[in-house]
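**Student:** Need coordinates for the following:
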Amino acid sequence: MVGSLAALVIFALGKLKPSLFGAAPTNLLGIAALSIPFQLLILVGLNVLLAVNRIGQMNLLECLSPAFSLLNATVALVILGAGLTTLIAFNTGRRRRC
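**Tutor:** Below you'll find the predicted structure:
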């Protein structure tokens, strides 16, 4: 619920006052805003693993995230020959830290 509300607020601000986000195109801002609920869901899932003392699984999933982002970039840019918008759409749900 909170993630969806945050996504709507960010998207509305991007439409009403685009200067808040610099020169970011509206379609990229929309893609990023749509990813907020999914990123929060991933965060909750990792925290559940931590709460049930499955730290090894949590660390594995957390550390594989950059590998999945690289795979997504390879598919989007090399195999599909797509552009920046597709790359961002593929990678917005990925968290990049390990």
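**Student:** residues near residue 79, how many?
**Tutor:** By other C-beta atoms under 10 Å, the residues close to residue 79 number 8. For every residue, glycine as well, the C-beta is placed using N, CA and C.
**Student:** From residue 32, how far off is residue 68?
**Tutor:** 18 Å (C-beta to C-beta, to the nearest Å).
**Student:** my bad, should have said residue 39
**Tutor:** Taken as C-beta to C-beta, the span from residue 39 to residue 32 is 10 Å.
**Student:** more crowded one of these two?
**Tutor:** Taking neighbours as other C-beta under 10 Å, residue 39 and residue 32 compare with residue 32 leading, 19 against 15.
**Student:** What sits closest to that one if chain neighbours are left out?
**Tutor:** Distances taken as C-beta to C-beta, 6 or more residues apart in numbering put residue 92 closest to residue 32, at 5.8 Å, once the chain neighbours are dropped.
**Student:** Tell me, how many residues neighbour that neighbour?
**Tutor:** 17.
**Student:** so it touches residue 31, yeah?
**Tutor:** Yes. Applying C-beta atoms under 8 Å, one finds residue 92 in contact with residue 31, separated by 5.8 Å.
**Student:** before we move on, back to that, for the residue nearest to residue 32, which residues are in contact?
**Tutor:** Contacts for residue 92 (C-beta atoms under 8 Å, 6 or more residues apart in numbering) come out as 31, 32, 34, 35, 38, 39.
**Student:** Good, wrapping up.
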